[in-house]
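Asks: Got a predicted structure here, sequence first:
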Amino acid sequence: MSKLPAILARLDADLEGSLARLSSWLEIPSISTDSAYAADSRRAAEWLARDLESLGFTAGLRETPGHPVVLGHRPKPGAPHVLFYGHYDVQPVDPLELWDTEPFKPVVREIEPGRKVIVGRGACDDKGQVMTFVEAMRATLAETGDLPIGVTIMVEGEEESGSLNLPAFVRENAEELKADFALVCDTGMWDRETPAITASLRGMVYQEVTITCADRDLHSGLFGGAAANPIYVLATIVAALHDETGKITLPGFYEGVEEPTNQQKADWADLNLTEAEFLGQIGLKHSIGEKGRMLIEQIQSRPTCDVNGIWGGYTGEGTKTVIAGKAFAKISFRLVGKQDPQKIAASFQAFVRARLPADVTASFIEHGASPAIAVPLDSPALTSARAALTEEWGRKAVTIGSGGSVPVVGDFKRLLGMDTLLVGFGLDDDRVHSPNEKYDLSSFHKGQRSWARIMQALGAEKAVS
């Protein structure tokens, strides 16, 4: 007889206990970007390692040139084995005056009738999400004495500062980290009632370009009309990156971009994401994306080009009549499908150089290039997880793409040859990285129940196959 009902009942009964444990972890200010909090970051890592040891894991801290990685193992021979990833570090809390409560003194509050949330830095990103999985394991072990799958859990302390040491850690410990697939709980739901599995992540190419004309800033009265203006040159190039339909004009840019299946399109259409709903929350009304594409396609399954910064000349108070000698821009491309990051970077640089007037030069700084990641939609793990989520939430779990990039997922694929299942319970209004970060109590509670169901489903899938 299935022990799942007893596991779920234990999670319900122990909700207050799980909140107390999460609060204890949230109280530790593990801000990875500030060296003043290095000792606190280590305390947060030690807290989790002790908790994992209490669940029968062989767990401890692994040193890196930065903050340590928490690594724990609980194998189960003959069963599928997963690598669960999360992070214990959090963003800085500035500006502190915009918080309604102290960032590292978490509280549960009701923000509207019947809707309670956990408020505190890290409540959603990512301590609360990590603990949904840990609590699901705790309840499962309490009721059955074992887990239905083998688990390696790796929780890093530098995600909020770029995960600079994680690729090397994964590479150096590849044999120890190998599993059937990875699980990541650092994503979100479609809405408060609809669970989601993120099956694809866009890749990225990030370039910084410098346009140089004269060897110094010039007096615009003396040289205006004759000397090349790098700001004008750069603005002209940037404007040419899109055509009137919203498509990107780099030669070869769409090579490797795949069309979604008819079923995917139908599922996305059923979600009925509107411009008013999505853009209205940021004070906009109209999408400027590719014509003929649903809004949801524009933000998750189509490649993009964005100017992330542009500057040059005099930008201080008042006036200074100069023609700048240089102009600068930071430009990023989000990639999908089988787009080649290196080819995109080369195409962009050639595009810029082809539009330079005489006497004008361009130089580039490359800030990274990573391919898109996708989990096969017919993956048994994805199918099992989707069914388990649907059962828990009473709403069909949707399979979506993410417009963002999660570099560690690429590392898992590139270094370990392993696909990743991204299941998270965050919401768009969780104020991640902002003052008053929160995590809905329903996300925390039903997230635990969801992972309990998913673990049982993954174990059963192996047994059936």
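Replies: Nice, thanks for sending it over.
Asks: so where do the helices sit in the stretch 351-465 of the chain?
Replies: Remark: helices assigned in the stretch 351-465 of the chain by DSSP state H, counting those that start in this stretch are 380-393, 407-416, 441-464.
Asks: Indicate which one of these is closest to residue 333.
Replies: Nearest of these to residue 333, taken as C-beta to C-beta: helix 407-416 at 15.4 Å. Every residue, glycine included, has its C-beta placed from N, CA and C.
Asks: mind checking pLDDT for the residue most central in space within the chain?
Replies: In the chain, the residue lying closest to the centroid (C-alpha atoms, centre = their mean) is residue 406, at 4.6 Å. Note for residue 406: predicted pLDDT of 76.
Asks: Is the residue lying closest to residue 88 once chain neighbours are set aside in a helix, a strand, or coil?
Replies: With C-beta to C-beta, 6 or more residues apart in numbering as the criterion, residue 88 has its nearest non-adjacent residue at 4.7 Å, and that residue is residue 44. Using DSSP: H, G, I helix; E, B strand; the rest coil, the structure places residue 44 in helix.
Asks: separation between residue 44 and residue 311?
Replies: Distance, residue 44 to residue 311, using C-beta to C-beta, to the nearest Å: 37 Å.
Asks: Compare these two and say which one has the larger neighbour count.
Replies: residue 44 (29 against 13; other C-beta atoms under 10 Å).
Asks: Now do the more buried one against residue 138, distance only.
Replies: Separation of residue 44 from residue 138 (C-beta to C-beta): 18 Å.
Asks: swap in residue 118?
Replies: Using C-beta to C-beta, residue 118 is found at 18 Å from residue 138.
Asks: Also residue 50?
Replies: Distance from residue 50 to residue 138, by C-beta to C-beta: 13 Å.
Asks: just residue 449 next, same as before
Replies: In this view, residue 449 and residue 138 are 13 Å apart by C-beta to C-beta.
Asks: Also residue 200?
Replies: Where residue 138 is concerned, residue 200 sits at a distance of 31 Å (C-beta to C-beta).
Asks: what does stretch 16-27 contact?
Replies: Stretch 16-27 has contacts (C-beta atoms under 8 Å, 6 or more residues apart in numbering) with 11, 44, 47-48, 51, 88, 104-106, 108, 118, 120-123, 127-128, 131, 135, 138, 444, 448.
Asks: rerun at 6 Å
Replies: By C-beta atoms under 6 Å, 6 or more residues apart in numbering, the list of residues contacting stretch 16-27 from outside reads 47, 104, 106, 120, 122, 127, 131, 135.
Asks: Out of those residues, grab the one that's most surrounded.
Replies: For the contacts of stretch 16-27, neighbours tallied by other C-beta under 10 Å; top is residue 122, 32 neighbours.
Asks: Next one, pLDDT for the residue lying closest to that residue once chain neighbours are set aside please.
Replies: Computed as C-beta to C-beta, 6+ apart, the closest residue to residue 122 that is not its neighbour in sequence is residue 90, at 4.0 Å. In this model, residue 90 is scored at 98, pLDDT.
Asks: what residues are up against residue 138?
Replies: By C-beta under 6 Å, 6+ apart, the residues touching residue 138 are residue 55.
Asks: make it 8 Å
Replies: 18, 55.
Asks: What are the buried residues along the helix or strand hosting it?
Replies: Assigning secondary structure by DSSP states H and E places residue 138 in helix 127-144. Buried residues in helix 127-144, counting neighbours by 16 or more other C-beta atoms under 10 Å, are found at 127-141, 143.
Asks: Can you give me the end-to-end span of stretch 94-103?
Replies: Stretch 94-103 has an end-to-end distance of 10 Å (criterion: C-alpha to C-alpha, to the nearest Å).
Asks: who's in contact with that stretch?
Replies: 29, 93, 107, 119, 120, 121, 435, 436, 437.
Asks: Flag every buried residue along stretch 55-73.
Replies: Neighbour-count burial for stretch 55-73 flags 55, 57, 59-62, 64, 66-73 (criterion: 16+ other C-beta under 10 Å).
Asks: So the nearest residue to residue 396 once chain neighbours are set aside versus residue 379, what's the distance?
Replies: Spatially, and ignoring its direct neighbours in sequence, residue 396 is nearest to residue 390 (5.4 Å; C-beta to C-beta, 6+ apart). Distance from residue 390 to residue 379, counting by C-beta to C-beta: 16 Å.
Asks: circling back: quick one: which of the buried residues of helix 127-144 is nearest residue 384?
Replies: residue 136 (14.9 Å).
Asks: Determine which residue of the protein is most distant from the centre point.
Replies: Most peripheral residue of the chain (C-alpha atoms, centre = their mean): residue 222, 50.4 Å.
Asks: what residues are up against that one?
Replies: By C-beta under 8 Å, 6+ apart, no residues touch residue 222.
Asks: Can you name the helix or strand that it falls in?
Replies: Assigned by DSSP H and E, residue 222 belongs to helix 220-223.
Asks: That helix: how far from the chain's middle?
Replies: Relative to its chain's centre, helix 220-223 lies at 48 Å (C-alpha atoms, centre = their mean, to the nearest Å).
Asks: What residues sit buried inside that helix?
Replies: residue 220.
Asks: Poorly predicted segments of the stretch 351-465 of the chain, please.
Replies: For the stretch 351-465 of the chain, the stretches with pLDDT under 70 are 405, 462-465.
Asks: Mark out where each domain of this structure begins and ends.
Replies: Using automatic domain parsing, the domain parsing of the chain gives 4-201+372-464, 203-257+303-369.
Asks: The ones you listed: which one's closest to residue 277?
Replies: Among these, domain 4-201+372-464 comes nearest to residue 277, with 9.7 Å by C-beta to C-beta.
Asks: and the domains of the chain as CSV, adding distance to residue 279?
Replies: Below are these laid out as CSV (distance: least, C-beta to C-beta, whole Å):
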stretch, distance to residue 279
domain 4-201+372-464, 12
domain 203-257+303-369, 15
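Asks: Which of those domains has the highest mean neighbour count?
Replies: Comparing these on average neighbours per residue, with mean count of other C-beta atoms under 10 Å, the densest one is domain 4-201+372-464 at a mean of 19.
Asks: ok so, going back, so of the buried residues of stretch 55-73, which two are at opposite extremes in space?
Replies: For the buried residues of stretch 55-73, and using C-beta to C-beta, no pair is farther apart than 55 and 66, which are 26.4 Å apart.
Asks: Using PDB, write out the CA atom coordinates for stretch 251-271.
Replies: Output in PDB follows, covering the C-alpha atoms of stretch 251-271 (Å, rounded to 0.1, in the frame of the first residue of the first chain):
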ATOM      1  CA  PRO A 251      22.900  37.500 -40.700                       C
ATOM      2  CA  GLY A 252      22.400  33.900 -39.700                       C
ATOM      3  CA  PHE A 253      20.800  34.800 -36.400                       C
ATOM      4  CA  TYR A 254      17.800  32.500 -36.700                       C
ATOM      5  CA  GLU A 255      19.900  29.400 -37.600                       C
ATOM      6  CA  GLY A 256      19.000  26.700 -35.100                       C
ATOM      7  CA  VAL A 257      15.800  28.300 -33.900                       C
ATOM      8  CA  GLU A 258      13.100  25.700 -33.700                       C
ATOM      9  CA  GLU A 259       9.300  26.100 -34.000                       C
ATOM     10  CA  PRO A 260       7.200  24.900 -31.100                       C
ATOM     11  CA  THR A 261       5.000  21.900 -31.700                       C
ATOM     12  CA  ASN A 262       1.300  22.500 -32.400                       C
ATOM     13  CA  GLN A 263       0.500  20.900 -29.000                       C
ATOM     14  CA  GLN A 264       2.900  23.400 -27.300                       C
ATOM     15  CA  LYS A 265       1.200  26.300 -29.100                       C
ATOM     16  CA  ALA A 266      -2.200  25.100 -28.100                       C
ATOM     17  CA  ASP A 267      -1.100  24.700 -24.400                       C
ATOM     18  CA  TRP A 268       0.400  28.200 -24.400                       C
ATOM     19  CA  ALA A 269      -2.700  29.700 -26.000                       C
ATOM     20  CA  ASP A 270      -4.800  28.100 -23.300                       C
ATOM     21  CA  LEU A 271      -2.900  30.100 -20.700                       C
END
